[in-house]
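Participant: Let me see the structure of the following:
(one chain, ligands or ions: 2)
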Amino acid sequence: MSLFHCVQLFSFSFFFFFFFFICSATPFTPYPFDLAYHIDCGSPTNSTDPFNTTWLSDRFSTGGVTSIVSEPLHFHYSYEKSLRFFPISYGKKNCYVIPSLPPGRYFIRTFTVYDNYDGKSHPPSFDVSVEGTVVFSWRSPWPESIARDGAYSDLFAFVNDGEADVCFYGFATDPPIISSLELFQVDPLSYDSATLGDNHVLVDYGRLSCGTNQWGPDSAMILTFSAGHGNPIGNID
Ligand SMILES: *[C@@H]1O[C@H](CO)[C@@H](O)[C@H](O)[C@H]1NC(C)=O
Ligand SMILES: *[C@@H]1O[C@H](CO)[C@@H](O)[C@H](O)[C@H]1NC(C)=O
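Facilitator: Numbers count the residues shown, from 1 in each chain. Ligands and ions are numbered 1, 2, ... in the order given. Just a heads-up that it's a prediction; the model follows:
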């Protein structure tokens, strides 16, 4: 798939996503879900992007070290240039724990890029979990375009314990990495959540397959929570 198609697909999913999102909000009450965090992982300062989104300096992580990509000029936004990585010295599991969240459904988006930030030409293998369910499995080697340009990944999860846990588990001595982490509260009834129930994570793997087969064909997947261990229960298109 060409970069152009990739961008097209990206814009389309983006448009569709927000269209769906807005349509699914109830028209009878003012939009009540305004809680949002945009965390610029690895950055010591707050900043505002061209869309007037305020990006918070890196916070809420349990460990790790900050760094920047090897070619910052290749990236448009400052929140894509810095990252946090979790060396093995910080243990096998590290998390971002976003506190003080009212119970509800949340949209979580991560941006992940390697860009040879460590000079080792080895994108790491690691897993990412949300609320105890493994949602992404990064495996080395990554497709070249994702290693260099990065990838956004989106999911919906229910949070009912007051905090969102996004955790990283390194393979062998590979340090997991993350460039940005966003969390928005959404309408609990969006995406047919009433039918799905509260113990599922809805993951959009389609965006990640853009131009590659890193996560298979364009598809979304529902993962179920079960005592902290998620098992995929099926695919939806
Ligand atoms: C960034 O913004 C947050 C929230 O408004 C504030 O608490 C913090 O002091 C600001 N500055 C830095 C360097 O984090
Ligand atoms: C961002 O905010 C500034 C100042 O409030 C305003 O002048 C500008 O038009 C805004 N830009 C966008 C893209 O909304």
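Participant: C-alpha from now on. contacts and neighbour counts both.
Facilitator: Noted.
Participant: Run through the helices of the protein in chain order.
Facilitator: 3-24, 78-81, 144-149, 193-196 (DSSP state H).
Participant: Comparing those by mean pLDDT, which bottoms out?
Facilitator: Note on the helices of the chain: lowest mean pLDDT is at helix 3-24, with a mean of 41.
Participant: near ligand 1, which residues of the protein show up?
Facilitator: 45-46, 56-57 (CA under 6 Å from any ligand atom).
Participant: can you do 8 Å?
Facilitator: 44-46, 56-58 (CA under 8 Å from any ligand atom).
Participant: Which ones among those residues lie within strands?
Facilitator: Counting by DSSP state E, the part of those found in strands is 56-57.
Participant: And the residues of the chain next to ligand 1, which is closest to ligand 2?
Facilitator: residue 46 (15.4 Å; CA to the nearest ligand atom).
Participant: Spit out the contact partners of that closest one.
Facilitator: 40, 54-57 (CA atoms under 8 Å, 6 or more residues apart in numbering).
Participant: got a pLDDT number for it?
Facilitator: 97.
Participant: what do you get for residue 33?
Facilitator: 76.
Participant: give the contact list for it.
Facilitator: 184-187.
Participant: Switch those over to CSV; also include pLDDT.
Facilitator: Output for these, formatted as CSV (pLDDT from 0 to 100):
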residue, pLDDT
184, 93
185, 93
186, 89
187, 84
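Participant: got the buried residues for stretch 90-109?
Facilitator: 92-98, 101, 104-109 (16 or more other CA atoms under 10 Å).
Participant: Make CSV from these and add distance to residue 78 and pLDDT to it.
Facilitator: Below are the buried residues of stretch 90-109 laid out as CSV (distance: CA to CA, whole Å; pLDDT from 0 to 100):
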residue, distance to residue 78, pLDDT
92, 28, 95
93, 27, 97
94, 24, 98
95, 22, 98
96, 20, 98
97, 22, 98
98, 21, 97
101, 26, 95
104, 30, 90
105, 28, 90
106, 24, 93
107, 22, 93
108, 19, 95
109, 16, 95
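Participant: State the pair within these that is farthest apart.
Facilitator: The largest separation in these, counting by CA to CA, is between 92 and 104 at 28.9 Å.
Participant: Of the residues of the chain next to ligand 1, which is the most crowded?
Facilitator: Highest neighbour count within the residues of the chain next to ligand 1: residue 58, with 23 neighbours (other CA atoms under 10 Å).
Participant: For the closest residue to that residue other than its chain neighbours, list the residues it contacts.
Facilitator: Residue nearest to residue 58 in three dimensions, not counting chain neighbours: residue 41, with 4.7 Å by CA to CA, 6 or more residues apart in numbering. With contact taken as CA under 8 Å, 6+ apart, residue 41 is in contact with 57-59, 66, 79, 82-84, 178-181.
Participant: The same query, at a cut-off of 10 Å, please.
Facilitator: 55-61, 65-68, 79-85, 96, 110-111, 177-181 (CA atoms under 10 Å, 6 or more residues apart in numbering).
Participant: Ok, residue 63 next?
Facilitator: Residues in contact with residue 63, defined by CA under 10 Å, 6+ apart, are 84-87, 89-91, 93-96.
Participant: what residues does the chain put near ligand 2?
Facilitator: 50-52.
Participant: which among the contacts of residue 33 gets closest to ligand 1?
Facilitator: Ligand 1 lies nearest to residue 184 out of the contacts of residue 33, by CA to the nearest ligand atom, at 15.6 Å.
Participant: Surely the closest one and residue 105 touch.
Facilitator: Yes: counting by CA atoms under 10 Å, residue 184 touches residue 105, with 8.6 Å between them.
Participant: That concludes my questions; thank you for your assistance.
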